[in-house]
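Student: Sequence below, structure please.
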Amino acid sequence: MQRIYFDNAATTSLDPEVLEIMMPYLTEKFGNPSSIYSYGRESRMAIETARKSVAKILNAHPAEIFFTSGGTESSNTAINAAIKDLGCKHIITSPLEHHATLHCTDYLHSKDEIKLSHVKVLPNGHIDMEDLEKLVSESEEKCLVTLMHANNEIGNILDINAVGNLCKKYNAIFHSDTVQTVGHFPFDLRNTPVHFITGASHKFHGPKGVGILYINENVKINPYIHGGSQERNMRAGTENVYGIAGFAKALELATANHEKDSAYIKSLKLYMKEQLEKNIKGISFNGDTLGKSLYTVLSVSFPKSEKSEMILFNLDINNICASGGSACTSGVEQGSHVIRTITNNPNLITVRFSFSKHNTKKEVDLVVEKLKDFI
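Tutor: You can find the predicted model right below:
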């Protein structure tokens, strides 16, 4: 049986057009972008062209876009800068964040003696905005609010403008992990009240190991990685030229085809939800599945039984790729911190199915048939 890949929130396949753009920088155009001769200049040119392209698509200024190794580095840079450079002494985050944020904020809390608060989460997986306002307004220290734009496990989407305006009102710094939304939704950063956002190209058919950090032009921070003067003195280290070219191309393609692709992918998600409800008793869905949610992610809970406990293993031996809760914790017994926070029901087995433009209804039918067999 051919492989069915339903784990696109973990990573996506590289688009052939993106590979084509990258190839010259992997072969003949190998100059170091910091070199002054023509070979170096053509690499430098590629980076600056990519920066302009990304900035234009996100409606930001090119000077606000910094290329990094991915979402984790971008989030760590922003969170550390808020504490070390911007005077934040109190971090407000949520228990649903990606580990790139949670582990970083926990570390800073343990080392830098800053205050750390976790905002309450509603049963549907959304942030309790009243509790957030209470935490920010009552804080005696300057706050960093770090909340993800869309959750990678259950798909819930944050009202980024509402949170940004709240932060503005109380003079807080706002960082949003937008790894699941850059390349999947249109952004208008000039009109979004946010100080930092992040992106990773492998979430939208670009290469792995390259991301962006948007730093609002009114924010001045020091580098997180020290060394050379690359990225306008903000990130030392020879640039990942082919990755950066690939990031820009992947974002360009994702944006050009957004309406068509998002409508198609959403139809697959809804179709799978319907088919599962029709064919399997006692299942439930996590998060705000039909409301403010990623069109790419469907988080399903199956009633626990001897059969369903083996569900991921059985999917795998049938060449079906999906993840238990979150890809970043797959294979680890403790399960998902996100699912634990919102349901905390030990009698449910959770599987995340996430889709891309390459998936089909036929694949959904095959997976639902297999799930019926297992359960």
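
Student: CA atoms for contacts and neighbours, from now on please.
Tutor: Fine.

Student: List the contacts of stretch 71-88.
Tutor: 68, 89, 100-101, 104-105, 108, 141-144, 146, 173, 175, 177, 179, 196-200, 211-213, 220-224 (Cα atoms under 8 Å, 6 or more residues apart in numbering).

Student: In strands only, show me these.
Tutor: If you go by DSSP state E, those have 68, 143-144, 146, 173, 175, 196-200, 211-213 in strands.

Student: any idea which element Lys269 lies in?
Tutor: helix 258-279 (DSSP states H and E).

Student: Parallel or antiparallel, list what pairs with the very next helix or strand once past that helix.
Tutor: Counting by DSSP H and E, the next helix or strand C-terminal to helix 258-279 is strand 284-285. Strand pairing for strand 284-285, using DSSP bridges, gives strand 297-303 (antiparallel).

Student: returning to that earlier point: buried among the contacts of stretch 71-88? Make that a ChimeraX selection.
Tutor: Selection of buried members from those for ChimeraX, criterion 16 or more other Cα atoms under 10 Å:
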select :68,89,101,104,105,108,142,143,144,146,173,175,177,179,196,197,198,199,200,211,212,213,221,223,224
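
Student: can you tell me how far the residue nearest the centre of the chain sits from Asn359?
Tutor: Residue closest to the average C-alpha location in the chain (Cα atoms, centre = their mean): Val179, at 2.3 Å. Val179 is 21 Å from Asn359, where distance means Cα to Cα, to the nearest Å.

Student: swap in Glu17?
Tutor: With distances taken as Cα to Cα, Glu17 is found 18 Å from Asn359.

Student: Equivalent analysis for Met22, please.
Tutor: 25 Å.

Student: Please say which of those two ends up with more neighbours.
Tutor: Met22 (21 against 17; other Cα atoms under 10 Å).

Student: secondary structure element for that one?
Tutor: Secondary structure from DSSP H and E places Met22 in helix 16-26.

Student: List the contacts of that helix.
Tutor: Helix 16-26 has contacts (Cα under 8 Å, 6+ apart) with 43, 205-206, 241-243, 245-246, 249-250.

Student: Okay, buried residues for that helix please.
Tutor: Applying 16+ other Cα under 10 Å to helix 16-26 flags 18-19, 21-22, 25 as buried.

Student: ok, now stretch 302-311?
Tutor: By neighbour count with 16+ other Cα under 10 Å, stretch 302-311 contains the buried residues 302-304, 308-309, 311.

Student: now swap in stretch 31-50 and tell me
Tutor: Residues of stretch 31-50 classed as buried by neighbour count (16+ other Cα under 10 Å): 31-34, 39-44, 46-50.

Student: Need the CA coordinates for it. CSV is fine.
Tutor: Extracted in CSV, the C-alpha atoms of stretch 31-50 (Å, rounded to 0.1, in the frame of the first residue of the first chain):
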residue,chain,number,x,y,z
GLY,A,31,29.8,32.2,-2.9
ASN,A,32,29.8,33.4,0.7
PRO,A,33,27.4,36.3,1.0
SER,A,34,29.9,38.2,3.1
SER,A,35,32.5,38.1,0.3
ILE,A,36,33.0,41.2,-1.8
TYR,A,37,33.7,39.6,-5.2
SER,A,38,30.9,38.8,-7.6
TYR,A,39,30.3,35.2,-6.4
GLY,A,40,29.6,36.6,-2.9
ARG,A,41,27.5,39.4,-4.2
GLU,A,42,25.2,37.1,-6.1
SER,A,43,24.5,35.2,-2.8
ARG,A,44,24.0,38.5,-1.0
MET,A,45,21.6,39.6,-3.7
ALA,A,46,19.6,36.3,-3.3
ILE,A,47,19.2,36.9,0.4
GLU,A,48,18.1,40.5,0.0
THR,A,49,15.7,39.7,-2.8
ALA,A,50,14.2,37.0,-0.6
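
Student: what mean pLDDT does it have?
Tutor: Stretch 31-50 carries an average pLDDT of 96.

Student: And the helices in the protein?
Tutor: Applying DSSP state H to the chain gives helices spanning 16-26, 38-58, 71-84, 99-112, 129-138, 160-169, 230-233, 241-256, 258-279, 311-317, 337-342, 361-374.

Student: Okay, and the beta partners of Leu298?
Tutor: Phe353.
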